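1. need the 3D shape of this:
(one chain, ligands or ions: 1)
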Amino acid sequence: MTRNIFVLTGAGVSAESGLGTFRDKTGEGIWAKFDPMKLCSPEGFARDPALVLAFYDGRRRNALAAEPNAAHRALARLEAELAKRGGRLTLVTQNIDDLHERAGSRLVIHMHGELLKARCARCDKVVEWLDNLTLADACPACGAVGTLRPHIVWFGEMPLHMDEIGWALQQSDLFVAIGTSGAVYPAAGFVAEARAMGIDACEINLEAADNALLFRQRRYGPASETVPAWVEDVLADRTVDG
Ligand code: BJW
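-> Below you'll find the model as predicted:
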C-alpha cells in the first residue's frame, strides 16, 4: 500500500466552498476580472497599497464565510488514517484560505501564504489578522504604523517552506495534484521533479491541467466527488492503476 503521499492542492479544491479560482475556461476566474500584476505583485502593492489591501480584505471576508467541502474533509481523513497505518500525508497548498485546517487537517504547508495573517515589512513578524488591514494599522510586534502587508506570496516573490517541500517530495512514493491548473511555478514543476525521481503521479481535477501529460494517473470531475472516491481507493489499496 502507498504510505507516503505528497498532495498539492490549488484553488479547485476550494471552488465548491464558494471561493473563486484564478484561471477558468468559462472566463469567470479572478484573473478575468482583476489584473494579477496590479494586485499580486510587490510593484502593484508599492503603487497602490490601498487597492491591494481592499482586494485581500474582500478575499478574507469570503474565506471566513466559506465552509470546508467534502474534498477538504477527505484529505483530513486520509492524513489521520495514514498516520494510524504508519504512513504520512504531506499536504502542501497553494491556497491562502484555512479550509484544510477547518476540515481537520493537522499539518498544512501554505506555500503561497495565508490570508488570515499579516507580515510587518519592518520587523518581519507574522501575526494573525482576521479584520480588514489598513495603512493606519500598527504592527502588534514592533508598533510601526503602515508597515503591515498581507502574508501572501506575490509574483516574483519566493514561495514559503521550499526546503521542507523539497525534502517531503523526495521522501514520497506518490505525488498527487488536486484542483490546480499547473500554470504557476514552482508548484507546476513539482510533478516533473517527482517523475524524475521515479515517484508516481496522479492528477485530480475538473479538467486537464496545463501539465496533465506528466501525470501517469488522471481522474476528472468535481473535487467534492473525486477526492473522497480517491481517498477511499487509497485506503482500500485500489490505486495501482488509477
Ligand atoms: C476544480 C474545480 C472543482 C475548478 N473541482 N477542480 C518558470 C519557473 C519558475 C518561475 C516562473 C517561471 N515562469 C514564470 C515564473 C514566475 C511566476 C509564474 O509562475 N508565473 C506564471 C504565471 C508563468 N511564479 C512566481 O513568481 C512565484 N515565485 C517564484 O517563482 O519565485 C522564484 C522561484 C523560482 C524557482 C523556485 C523557487 C522560487 C510566486 C508565485 C505566487 C503566486 N501567487 C498567486 C497569488 C497569491 C495568492 C492569492 O492571492 O490567492 O497564487 S497567483 C495564483 O495562482 C495563486 C494560486 O495559488 C496560484 C495557482 O493557481 P491554482 O491554484 O492552480 O488555481 P487556478 O485558478 O489556476 O486553477 C484552478 C484549477 O482548479 C483548474 O485546473 C480547474 O480545472 C480546477 N477546478 N473547479 C476540481 N470543482
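2. average model confidence for the longest strand along the chain?
-> Among the elements of type strand in the chain, defined by DSSP state E, the one spanning the most residues is strand 113-120. Confidence over strand 113-120, taken as the mean pLDDT, stands at 98.
3. return the list of helices and strands in contact with that strand.
-> In terms of contact count using 3 or more C-beta pairs under 8 Å, 6 or more residues apart in numbering; DSSP states H and E, strand 113-120 is assigned the packing partners helix 49-65, strand 126-128, strand 148-152. Glycine gets a C-beta too; all of them are placed from N, C-alpha and C.
4. most neighbours per residue, which of those?
-> Among these, strand 148-152 has the highest mean neighbour count (mean count of other C-beta atoms under 10 Å), at a mean of 22.
5. can you give me the domain boundaries for the protein?
-> Under automatic domain parsing, the residue ranges defining each domain of the chain are 1-19+69-112+158-242, 21-65+118-152.
6. is the helix or strand of the chain with the lowest mean pLDDT positioned near the ligand?
-> Taking mean pLDDT, DSSP states H and E as the measure, helix 30-33 is the helix or strand of the chain with the lowest mean score, a mean of 86. No. Using C-beta under 6 Å from any ligand atom, helix 30-33 stays clear of the ligand, with a minimum separation of 7.3 Å.
7. tell me which residues in that helix are buried?
-> With burial defined by 16 or more other C-beta atoms under 10 Å, the residues of helix 30-33 counted as buried are 30-31.
8. average pLDDT for the next helix-or-strand element following it?
-> Counting by DSSP states H and E, the element after helix 30-33 in chain order, helix or strand, is helix 36-39. Averaged across helix 36-39, the pLDDT comes to 92.
9. which secondary structure elements does helix 36-39 sit against?
-> Using 3+ C-beta pairs under 8 Å, 6+ apart, helix 36-39 sits against helix 42-47, helix 49-65.
10. try 10 Å this time
-> In this structure, helix 36-39 makes packing contacts with helix 30-33, helix 42-47, helix 49-65, judged by 3 or more C-beta pairs under 10 Å, 6 or more residues apart in numbering; DSSP states H and E.
11. just the CA trace of the second one, in CSV.
-> Right, the one you point to is helix 42-47. Coordinates of each C-alpha in helix 42-47 appear next as CSV, following Å, rounded to 0.1, in the frame of the first residue of the first chain:
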residue,chain,number,x,y,z
PRO,A,42,5.2,43.8,-4.8
GLU,A,43,5.3,46.5,-7.5
GLY,A,44,1.5,46.7,-7.5
PHE,A,45,1.4,47.0,-3.7
ALA,A,46,4.0,49.8,-3.8
ARG,A,47,2.0,51.6,-6.5
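12. what packs against it?
-> Packed against helix 42-47, as judged by 3+ C-beta pairs under 10 Å, 6+ apart, are the following elements: helix 36-39, helix 49-65, strand 148-152.
13. now do the buried residues in it.
-> Buried residues in helix 42-47, counted by 16+ other C-beta under 10 Å: 44-45.
14. and it, does that touch the ligand?
-> No. Applying C-beta under 6 Å from any ligand atom, one finds helix 42-47 out of contact with the ligand, separated by at least 10.3 Å.
15. quick one: mean pLDDT over that helix.
-> Regarding helix 42-47, the rounded mean pLDDT is 97.
16. please save the CA atoms from stretch 179-192 in PDB.
-> Extracted in PDB, the C-alpha atoms of stretch 179-192 (Å, rounded to 0.1, in the frame of the first residue of the first chain):
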ATOM      1  CA  GLY A 179      -7.500  21.300  -8.400                       C
ATOM      2  CA  THR A 180      -4.600  23.200  -9.800                       C
ATOM      3  CA  SER A 181      -4.100  24.500 -13.300                       C
ATOM      4  CA  GLY A 182      -0.300  23.700 -13.500                       C
ATOM      5  CA  ALA A 183       0.200  27.300 -14.600                       C
ATOM      6  CA  VAL A 184       2.200  28.800 -11.700                       C
ATOM      7  CA  TYR A 185       5.800  27.900 -10.900                       C
ATOM      8  CA  PRO A 186       7.500  26.500  -8.900                       C
ATOM      9  CA  ALA A 187       4.400  24.400  -7.900                       C
ATOM     10  CA  ALA A 188       3.700  23.500 -11.500                       C
ATOM     11  CA  GLY A 189       7.100  21.900 -11.700                       C
ATOM     12  CA  PHE A 190       6.700  19.500  -8.800                       C
ATOM     13  CA  VAL A 191       5.200  16.800 -11.000                       C
ATOM     14  CA  ALA A 192       8.300  16.800 -13.300                       C
END
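17. kind regards, and thank you for your time.
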